[in-house]
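K.L.:
sequence? don't have it. structure:
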């Protein structure tokens, strides 16, 4: 089971998730989803391109630690106790 990613969580190239669900939360932070924006220190604004196949927020797949970003980075930070 993978931990759920949220707005502000870090990615492997440096930078963080900057877009998320407006109303789905994990540990008081909004949950990131497939297609949500990320700011990459190396490549600028990118998007989340892989996510859960069975957990959705607002009808969009929830992102998790290890999911990929369009520039090749991965999500490296997440909730410590909310899993998919």
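P.N.:
Yes, it's here. Since this is a predicted model, take the numbers as computed values, not measurements. Numbers count the residues shown, from 1 in each chain.

K.L.:
can you pull the contacts of residue 35?
P.N.:
Contact analysis of residue 35 by C-beta atoms under 8 Å, 6 or more residues apart in numbering lists 47, 48, 49, 60. For every residue, glycine as well, the C-beta is placed using N, CA and C.

K.L.:
of those, buried ones?
P.N.:
In the contacts of residue 35, burial by neighbour count holds for 48, 60, counting by 16 or more other C-beta atoms under 10 Å.

K.L.:
where does the closest residue to residue 11 other than its chain neighbours land on pLDDT?
P.N.:
Distance criterion C-beta to C-beta, 6 or more residues apart in numbering; nearest residue to residue 11, sequence neighbours excluded, is residue 73 at 4.5 Å. pLDDT for residue 73: 99.

K.L.:
you'd agree residue 73 is up against residue 46?
P.N.:
Yes: applying C-beta atoms under 8 Å, one finds residue 73 in contact with residue 46, separated by 7.3 Å.

K.L.:
joint contacts of those two?
P.N.:
What both residue 73 and residue 46 touch, as defined by C-beta under 8 Å, 6+ apart, is the set 38, 40.

K.L.:
residues in contact with stretch 41-51?
P.N.:
Residues from elsewhere that reach stretch 41-51, judged by C-beta under 8 Å, 6+ apart: 5, 13-15, 17-18, 32-40, 60-64, 67-71, 73, 75.

K.L.:
Show the buried residues in those residues.
P.N.:
5, 13, 15, 17, 32-34, 36-40, 60-64, 67-69, 71, 73, 75.
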